[in-house]
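Asks: everything below, folded, please.
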Amino acid sequence: MTFSAKEVIKRRRSVRTFDGRQLSAEDRNNLEKYISSLNNPFGVPVEFQLLEAEEHQLTSPVILGEHTYLAAKVRKEEHFEIAFGYSFEEACLYAESLGIGTVMLAGSLSRGTFEKAMNVESGEVLPAASPVGYPADKMSIREKLMRKGLKADGRMAFGELFFDGAFGKDLSKESAGEFAEGLEMVRLAPSAVNKQPWRVIVQGNKVHFYEQKSINDSDLGDIQKVDVGIALCHFNLTMQENGVSGTFVFQDPQINVPENVLYIATYERTE
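Replies: Numbering: from 1, shown residues only. Down below sits the predicted model:
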């Protein structure tokens, strides 16, 4: 990793208003190199491209001043949603490290033109795309209203999201130990309509990730699993940056869960 994920996560915000400049040749080249070599811990390939809005007639009613989009597609196979969320978020974090603004768009884009530009085939989906450009000095009125409506800067408390051994037993940062900073970076993650669907149980050297499901599935899959993939990216990059080794496994610990809570994956600390 060529940037500090923690620093980028802490300063990043979703950008919907851009200053109208094209990406510099250097920034575009660096971003293209990064996305061409991206992988994720789940072994699911995610294919990225930078697309020119004018050339492909790409639009979004919530974006102003953009020229270029970052788009990605993935084959619908096991764990594809979390893999997509993980890889797409890592690409966005790298872009932010270059001073490039992003915002993950799912519903508010001209989906047909994006799918055509990405040559999405049968069995593949394009869950999201993002404009990439330089943030304008001031947000548009539309963006300000959207952020206010979504309470975009609001995040749930640490103890509401993370639990000590079982649901209902709030986890403190002290009890989280070496996982605390990774979990704090999870807490700061963006999500669809700011639902923050991740829930986590820390159990010894294992960190179990769950989805608090509140949005129905669509033909694109479970968008909230994409959000959990974003959270897994924040957690794993932070642990790597802190020198902690671990792997993701899919072994449901069979802990009693509240209604509409689904097991996703477990991070297992390794020596």
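
Asks: quick one: the strands in this protein, in order.
Replies: Under the criterion DSSP state E, the chain contains strands at 46-52, 68-75, 124-125, 129-132, 162-164, 198-203, 206-212, 246-249, 261-269.

Asks: tabulate the ones you listed (TSV), appending distance to Glu32.
Replies: From N, CA and C alone the C-beta is placed, and that goes for glycine too. Below are these laid out as TSV (distance: least, CB to CB, whole Å):
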stretch	distance to Glu32
strand 46-52	6
strand 68-75	10
strand 124-125	21
strand 129-132	11
strand 162-164	36
strand 198-203	30
strand 206-212	31
strand 246-249	27
strand 261-269	29
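
Asks: most neighbours per residue, which of the ones you listed?
Replies: Counting by mean count of other CB atoms under 10 Å, strand 129-132 has the highest mean neighbour count of the strands of the chain, with a mean of 27.

Asks: what's that strand in contact with?
Replies: 15-16, 18, 23, 31, 50, 53, 58, 60, 63, 66, 68-72, 88, 92, 95, 100-105, 109, 114 (CB atoms under 8 Å, 6 or more residues apart in numbering).

Asks: from the residues you listed, which would you call buried?
Replies: Neighbour counting with 16 or more other CB atoms under 10 Å marks 15-16, 18, 23, 31, 53, 58, 60, 63, 66, 68-72, 88, 92, 95, 100-105, 109, 114 as buried within these.

Asks: re earlier: reformat the strands of the chain as TSV; add mean pLDDT and distance to Val8.
Replies: Shown next, in TSV, are the strands of the chain (pLDDT from 0 to 100; distance: least, CB to CB, whole Å):
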stretch	mean pLDDT	distance to Val8
strand 46-52	98	18
strand 68-75	98	16
strand 124-125	98	27
strand 129-132	98	15
strand 162-164	98	22
strand 198-203	98	19
strand 206-212	98	21
strand 246-249	98	21
strand 261-269	98	20
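
Asks: Asn40 is nearest to which of these?
Replies: Smallest distance to Asn40 across these (CB to CB): 6.9 Å, for strand 46-52.

Asks: with just CA atoms, put the closest one into PDB.
Replies: Only the C-alpha atoms of strand 46-52 are listed here, as PDB (Å, rounded to 0.1, in the frame of the first residue of the first chain):
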ATOM      1  CA  VAL A  46     -13.400  -6.700  -9.900                       C
ATOM      2  CA  GLU A  47     -12.700  -5.100 -13.300                       C
ATOM      3  CA  PHE A  48     -12.200  -1.300 -13.300                       C
ATOM      4  CA  GLN A  49     -12.100   1.400 -16.000                       C
ATOM      5  CA  LEU A  50     -11.900   5.100 -16.200                       C
ATOM      6  CA  LEU A  51     -14.600   6.400 -18.500                       C
ATOM      7  CA  GLU A  52     -15.100   9.800 -20.100                       C
END
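
Asks: Arg187 is in contact with Gly159, isn't it?
Replies: No: between Arg187 and Gly159 there is no contact under CB atoms under 8 Å: 10.4 Å.

Asks: in terms of neighbours, single out the busier of the two.
Replies: Arg187 (20 against 13; other CB atoms under 10 Å).

Asks: nearest spatial neighbour of that one, skipping sequence neighbours?
Replies: Arg155 (5.5 Å; CB to CB, 6 or more residues apart in numbering).
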